[in-house]
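> model the structure of this input:
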Amino acid sequence: MAENNLSTTDNGDVKRSSFFSLRWKLLIGFTVLFSVVFAAAFYWFFTTATNLALGRIQEDLSDTVQAAVEGVNHEELLALAADGVPNDAGYSDDQRFNNQLDWLEVVHQIEPRAWPYVYIRGEGENEVFFVADLWARYDDDRSASFMEPYTSTGSLIRGLDELTFRLNDQGEFDTYTDSFGRWVSAYAPVMNDQGEIVAAVGVDFRAEYVDNVRQSILSQMLTAFLITYAILFILVFAFSQIFTRPIAQLTDAAELIGEGDYEQDLSEIGAQRFRDEIGRLADVFDIMVEKVYEREQKLLRQVAELRIEIDKGQQSEQVDEIVETDFFRELQSRAAKLRQERDQDE
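From the prediction side, this is the model:
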């Protein structure tokens, strides 16, 4: 995958450079690209599915709290709040109290996720009093006692004016968690026959459904990601091998040519059914190799001819050096004298 290549600079120093395969670059590039696309798709799908789940549960919650309001006996409720007496358990033995719980029980039986309660406005600022809470029949620790006061600056007090949902810090409808679980809540006002607001109904919905949707999305998307990731990795690996094979062949051929072996057949690389830039590169490279070979052969011939001329010049210089010596001149003089004596004898 990665190798260390050595190259020499003009000064003769050895320069170390890293080689990183094109195949692995393609693999990493496609992997990163797929991860980014998948993350964006996952975020969109997760957000959309969560919002749909929240929208569905919000619609159910709205229908439930408004239906609960319709069944509240407001006259009995106000009378109970005015003169009802709490018992030792913190609730009330008054039949009117049980009548209120009976209606809240009906709401719960129709919508098991719903845990309704009824409250009225107090005399103090932002003060409310819980009159009846269905949890009184199921769990004392979770239930508000009869006429228990509470100060609210949020949705609970706004529920005495209009249909209100409990929102998060960003002002969005969302689940919240307390020591008893995960919930969503809504509040709606109760009106008398004159249209005056006299109380309010609150409904807490168990919100495990939303968490189940989120968890289901996470598990399904993770499985889909792993399967798709494996398939994509195999496809990209195979594609990168096909894509880089001719480049690797060109590289090997270039190394051999650099060592002086010009007998490299690049026709197979260029002879593709569907020609592309790599095929054209192979053709150009083949032509370049042929021209380089011709230039090298021409240069070798010129060097050989120059060497012959240099040898002849050296021979001429050596002859001149011999001729110019006193010894050679003396030999010439003796030879001339011998020829003269021979001519006289004849």
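> the stretch of helix or strand L77 belongs to - contacts with which helices or strands?
In this assignment (DSSP states H and E), L77 forms part of helix 74-83. Packing partners of helix 74-83 (3 or more Cβ pairs under 8 Å, 6 or more residues apart in numbering; DSSP states H and E): helix 95-110, strand 114-121, strand 127-133, strand 181-191, strand 197-206. (C-beta placed from N, C-alpha, C; glycine too.)
> and the contacts of the third one?
Right, the one you point to is strand 127-133. With contact meaning Cβ atoms under 8 Å, 6 or more residues apart in numbering, strand 127-133 is reached by 77, 80-81, 84, 97, 100-101, 104, 117-122, 143-152, 156-157, 160, 199-200.
> V131: neighbour count?
24 (other Cβ atoms under 10 Å).
> what angle do the helix holding L77 and helix 95-110 make?
Between the axes of helix 74-83 and helix 95-110, defined by axes from the mean of the first three to the mean of the last three Cα atoms, to 10 degrees, the angle is 130 degrees.
> where does the protein dip in pLDDT?
For the chain, applying pLDDT under 70 flags the ranges 1-20, 262-279, 311-332, 335, 341-346.
> can you rerun that using 50?
Across the chain, residues meeting the criterion (pLDDT under 50) sit at 14.
> tell me how it divides into domains.
Under the assignment automatic domain parsing, the domains of the chain span 30-216, 277-341.
> buried deepest among those, which one?
domain 30-216 (a mean of 17; mean count of other Cβ atoms under 10 Å).
> okay, now that one: how far is its last residue from its first?
28 Å (Cα to Cα, to the nearest Å).
> related to what we said a few turns ago, nearest to G55, out of the helices and strands packed on helix 74-83?
The minimum distance between G55 and those falls on strand 181-191, with 11.3 Å, by Cβ to Cβ.
> now do the closest one against helix 74-83, angle only.
Using the same axes, to 10 degrees: strand 181-191 against helix 74-83 is 100 degrees.
> got TSV for the domains of the chain, with distance to L232 too?
Shown next, in TSV, are those (distance: least, Cβ to Cβ, whole Å):
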stretch	distance to L232
domain 30-216	6
domain 277-341	23
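> now L300: how far from F173?
86 Å (Cβ to Cβ, to the nearest Å).
> ok, longest helix in this structure?
In the chain, with assignment by DSSP state H, the single longest helix is helix 208-258.
> determine the set of other helices and strands touching that one.
Using 3+ Cβ pairs under 8 Å, 6+ apart: helix 208-258 touches helix 22-70, strand 181-191, helix 267-270, helix 277-323.
> distance to V210 added to the ones you listed, as TSV?
Output for these, formatted as TSV (distance: least, Cβ to Cβ, whole Å):
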stretch	distance to V210
helix 22-70	5
strand 181-191	8
helix 267-270	59
helix 277-323	53
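> still on that earlier bit, so which of the domains of the chain comes closest to P246?
Closest to P246 of the domains of the chain is domain 277-341 (Cβ to Cβ; 4.8 Å).
> coming back round to it: in JSON lines, list the helices and strands packed on helix 74-83 along with distance to F285.
Formatted as JSON lines, the helices and strands packed on helix 74-83 follow (distance: least, Cβ to Cβ, whole Å):
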{"stretch": "helix 95-110", "distance to F285": "80"}
{"stretch": "strand 114-121", "distance to F285": "77"}
{"stretch": "strand 127-133", "distance to F285": "85"}
{"stretch": "strand 181-191", "distance to F285": "67"}
{"stretch": "strand 197-206", "distance to F285": "71"}
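> F233 is nearest to which of those?
Per Cβ to Cβ, nearest to F233 of these: strand 181-191, 37.7 Å.
> can you list the strands that the closest one pairs with?
Paired neighbours of strand 181-191 in the sheet (DSSP bridges): strand 164-165 (antiparallel), strand 176-178 (antiparallel), strand 197-206 (antiparallel).
> would you turn these into TSV with distance to V65?
Below are the strands paired with strand 181-191 laid out as TSV (distance: least, Cβ to Cβ, whole Å):
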stretch	distance to V65
strand 164-165	9
strand 176-178	16
strand 197-206	4
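> may I have stretch 93-110 as PDB, with CA atoms only?
Output of stretch 93-110 as PDB, limited to C-alpha atoms (Å, rounded to 0.1, in the frame of the first residue of the first chain):
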ATOM      1  CA  ASP A  93     -62.900  10.200  50.700                       C
ATOM      2  CA  ASP A  94     -65.400  12.500  49.000                       C
ATOM      3  CA  GLN A  95     -67.400  10.800  46.400                       C
ATOM      4  CA  ARG A  96     -66.900  13.700  44.100                       C
ATOM      5  CA  PHE A  97     -63.200  13.000  44.200                       C
ATOM      6  CA  ASN A  98     -63.800   9.400  43.200                       C
ATOM      7  CA  ASN A  99     -66.100  10.600  40.400                       C
ATOM      8  CA  GLN A 100     -63.300  12.700  39.000                       C
ATOM      9  CA  LEU A 101     -60.900   9.800  39.200                       C
ATOM     10  CA  ASP A 102     -63.500   7.500  37.500                       C
ATOM     11  CA  TRP A 103     -63.500   9.800  34.500                       C
ATOM     12  CA  LEU A 104     -59.700  10.000  34.400                       C
ATOM     13  CA  GLU A 105     -59.700   6.200  34.600                       C
ATOM     14  CA  VAL A 106     -61.900   6.000  31.500                       C
ATOM     15  CA  VAL A 107     -59.500   8.200  29.600                       C
ATOM     16  CA  HIS A 108     -56.600   5.900  30.700                       C
ATOM     17  CA  GLN A 109     -58.500   2.800  29.700                       C
ATOM     18  CA  ILE A 110     -59.100   4.200  26.200                       C
END
